[in-house]
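Engineer: My questions are about this predicted structure, shown below with the sequence.
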Amino acid sequence: MAERSTPPLESTWVDTSLGRTHIVRSPDPGTGRDVMCFPGFGTNSGWWCVAGNLTPLTQVARVWIVDVPGQPGLSAGWAPPFTRDGYDLWIEQLVDGLGLDSVSLMGVSLGGLLAVRGSVRLGSRAERMVLLAPGGFVRPWVGLAGMAVLLRHYLNATPQTTKQFVRECVLGPQQLEPEPLAELEDALFRFGTGFSNRSRIPPLLTNGMLRASKAPAMIIVGDSDPVFSARRTLERARRLMPNLEATESMAGHGHGLEVSGPVMELAATFIGAGP
């Protein structure tokens with residue numbers, strides 16, 4: 001999947017206290033910027049490569065997309081509780097292991113929660129932060145019908161249950177062309193049946209954690225997100241985050257914002273405006 005991405009991405013590895021972590025990286029565009037991306041729950045670095053939307057981001061920064069330990073992917077190791085600092089230290093070890101003095105952080109859903117915690121751990125080394133439909137701000141609100149779709153996918157994934165899960169719980173109204181949509185569905189089915197998800201469900205981020213996140217931040221939500229309330233997510237972020245510089249609510253978008261071309265263009269503009 002990474003090799004078919006535009007531009008092609010290459011694998012690299014970093015040894016951490018959680019185990020050996022797999023990362024895919026883009027070529028260096030020569031801008032002097034780096035952005036580390038964290039996937040959502042149940043996905044991995046390959047998911048970001050499917051829809052061909054990484055190009056705007058790779059033009060403004062060298063992109064590092066991480067397989068989170070405990071989630072489906074090629075990273076080995078232990079999945080610590082989200083209430084402790086295991087993942088925070090892991091993010092710092094990744095940045096150090098890659099030889100980066102500073103980095104922007106970007107995450108979707110669960111990855112957004114990790115980006116917030118990582119920004120607090122890194123302090124001034126975290127240049128900018130982009131959060132896509134971030135987890136940890138409000139509780140999920142998928143409803144009974146959505147919960148049934150979610151459980152069918154995670155407990156006994158089949159191509160049909162995965163197809164329904166992608167359309168109802170990931171994309172929402174967001175439309176994709178038939179080829180990338182089919183590739184997304186096939187990829188998520190492989191993630192669900194070929195890997196073991198050992199991570200716990202993450203809790204809400206505390207008010208103190210959100211106040212301590214000082215990196216200049218942008219939050220992008222889908223106005224039809226079937227997982228987290230877009231309105232309540234932005235309300236809590238605006239109330240607590242001291243350096244929230246920009247927010248966007250994307251019309252006709254659901255939860256899977258990392259596969260949206262317009263979202264990636266907004267993220268690239270914000271990251272590219274950094275130092």
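Structural biologist: Structure's in. What do you need?
Engineer: got the buried residues for stretch 23-32?
Structural biologist: By 16 or more other Cβ atoms under 10 Å, the buried positions in stretch 23-32 come out as 23-26. All C-beta atoms are positioned from the backbone trio N, CA, C, and that covers glycine.
Engineer: So which residues make contact with that stretch?
Structural biologist: 2, 7, 9-14, 45-46, 49, 54, 57-67, 94, 98, 272 (Cβ atoms under 8 Å, 6 or more residues apart in numbering).
Engineer: mind redoing it with 7 Å?
Structural biologist: Here stretch 23-32 makes contact (Cβ atoms under 7 Å, 6 or more residues apart in numbering) with 2, 7, 9-12, 14, 45, 58-66.
Engineer: Only whichever of those residues are buried, select them in PyMOL.
Structural biologist: Selection command for PyMOL covering only the buried members of those, criterion 16+ other Cβ under 10 Å:
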select buried, resi 2+9+14+45+58+60+61+62+63+64+65+66
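Engineer: Let's see which of the contacts of stretch 23-32 end up in helices.
Structural biologist: Within those, residues falling in helices by DSSP state H are 58-60.
Engineer: from those residues, which is closest to Thr193?
Structural biologist: Thr58 (30.0 Å; Cβ to Cβ).
Engineer: From Leu110, how far off is Arg200?
Structural biologist: According to Cβ to Cβ, to the nearest Å, Arg200 and Leu110 sit 11 Å apart.
Engineer: can you pull out the strands in the stretch 101-250 of the chain?
Structural biologist: 103-108, 126-132, 217-222, 244-250 (DSSP state E, counting those that start in this stretch).
Engineer: any chance of those in CSV, plus mean pLDDT, distance to Leu210 and mean neighbour count?
Structural biologist: Shown next, in CSV, are the strands of the stretch 101-250 of the chain (pLDDT from 0 to 100; distance: least, Cβ to Cβ, whole Å; neighbours: other Cβ atoms under 10 Å):
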stretch, mean pLDDT, distance to Leu210, mean neighbour count
strand 103-108, 98, 14, 28
strand 126-132, 98, 11, 28
strand 217-222, 97, 10, 26
strand 244-250, 98, 9, 17
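Engineer: could I get these as CSV with distance to Asp186?
Structural biologist: Compiled in CSV, those are given as follows (distance: least, Cβ to Cβ, whole Å):
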stretch, distance to Asp186
strand 103-108, 19
strand 126-132, 22
strand 217-222, 23
strand 244-250, 25
